[in-house]
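> Here is my input, please return the structure:
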Amino acid sequence: MNDDALGRLGDGGSLTNRVQAAIEEMIMNGELRGGDKVNEITLSERFGTSRGPLREACRALAQEGLLVAIPNRGVFVRELDLREALEVYDVRSALDELMGRLIAERVDDAQVRELYGLVDAMDRAAAERDLERYYPTNLEFHNRLLALANNRRLQRLYKGLVKELHLFRRKGLLQLGSMRISNEEHRQIVQSIEARDPIAAGVCMKSHVLAAKQRLLAAVEAERAQEITLAQTSAPRRRRQGT
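Numbers count the residues shown, from 1 in each chain. Reported below is the predicted structural model:
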């Protein structure tokens, strides 16, 4: 994209939306992480656009909770603390329960087969412990469930919550065996949907989110334990070196 191409993209809103989507994708795929500064010069060169649309896109992403503007310092990727993440999981679990009920009431056989296809793809990625393949397929699976619920108000609420959780969700999947366990839950969700059982589908989806919350807590505790162990092993070394 370059300045000559801007006219072909439509009005400023269209360009801003494209820039916003590109920055959001960088956050979702981990290229931009919590605490990273959004470098206007680098991104404007990368997207081949002026800083105006970039700043508009950053303002929109700040309103969505993905970025935060700090006076006299710049714009940064938001760092979601653990308490906030756990609160989002609790709210999301209620929305997922509703989503499961809605899907089971209206799904057709072709859509069920599509869901099983995604679950099978995640099984293969989990077997190879390939998070880089598993994670985007996981996102596609949940986005497909959201689309099948066919409720625009639910979609708006859900997408806002999920965007915030991206800064934490990968961490919970890094634990040994977590991808396999998570995908077993996915399969149970699809089985309850296939049975056209709204109550079971809702319970399975809610339970999956709450289980993901517990995986996140386990990952955080493991990370803390590792940091403590590292600090304890490095302290004697520093004393021996006289530092």
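> okay, CA-based contacts and neighbour counts for the rest of this
Fine.
> shaky segments in the chain?
For the chain, residues meeting the criterion pLDDT under 70 lie at 1-13, 167-176, 235-243.
> For the helix ranked longest in it, name the packing helices and strands.
In the chain, ranked by residue count with DSSP state H as the criterion, the top helix is helix 198-240. Counting contacts by 3 or more CA pairs under 8 Å, 6 or more residues apart in numbering; DSSP states H and E, helix 198-240 packs against helix 82-106, helix 152-173, helix 178-194.
> Give me the most central residue, this structure.
Against the mean C-alpha coordinate of the chain, by CA atoms, centre = their mean, the closest residue is His166 at 2.8 Å.
> And the protein, split by domain according to the record?
According to automatic domain parsing, the chain comprises the domains 3-77, 82-229.
> returning to what we had before: looking at the helices and strands packed on helix 198-240, which is nearest to Leu15?
Nearest to Leu15 among the helices and strands packed on helix 198-240 is helix 152-173 (21.1 Å), distances taken as CA to CA.
> Test my guess that Met122 contacts Ser182.
No - here Met122 does not reach Ser182: they are 9.6 Å apart, not a contact under CA atoms under 8 Å.
> Who has more neighbours out of the two?
In this view Met122 and Ser182 are compared by other CA atoms under 10 Å, and Met122 has more residues nearby, 28 against 21.
> Would you agree that one falls within a helix?
Yes - under DSSP: H, G, I helix; E, B strand; the rest coil, Met122 sits within a helix.
> mind listing what it touches?
Taking CA atoms under 8 Å, 6 or more residues apart in numbering, we find Met122 in contact with Arg133, Tyr134, Thr137, Asn138, Asn183.
> Nearest residue to the first one in space, please, no chain neighbours.
Same thing as Arg133. Closest residue in space to Arg133, ignoring its immediate chain neighbours: Ala125 at 5.9 Å, by CA to CA, 6 or more residues apart in numbering.
> Check which helix or strand Ala62 maps to.
Under the criterion of DSSP states H and E, Ala62 resides in helix 51-63.
> Off-centre distance for that helix?
Put simply, helix 51-63 sits 20 Å off its chain's centre (CA atoms, centre = their mean, to the nearest Å).
> Show me what the following helix or strand past that helix is packed against.
Scanning forward in sequence from helix 51-63 by DSSP H and E, the next helix or strand is strand 67-70. Contact partners of strand 67-70 among helices and strands, from 3+ CA pairs under 8 Å, 6+ apart: helix 51-63, strand 74-77.
> Tell me the secondary structure at Leu145.
Taking three-state DSSP as the rule, one finds Leu145 in the helix state.
> Would you confirm that it contacts Ile103?
Yes - counting by CA under 8 Å, Leu145 touches Ile103, with 7.4 Å between them.
> show me the contacts for Ala195.
Ala104.
> What does it show for phi and psi?
Here is the backbone geometry of Ala195 (degrees, to the nearest 10): phi -80, psi 0.
> re the thing from before, distance check, the residue nearest to the centre of the chain against Glu40.
As judged by CA to CA, to the nearest Å, His166 and Glu40 stand 22 Å apart.
> re earlier: nearest to Ala231, out of the helices and strands packed on strand 67-70?
Closest among the helices and strands packed on strand 67-70, using CA to CA: strand 74-77, at 28.0 Å.
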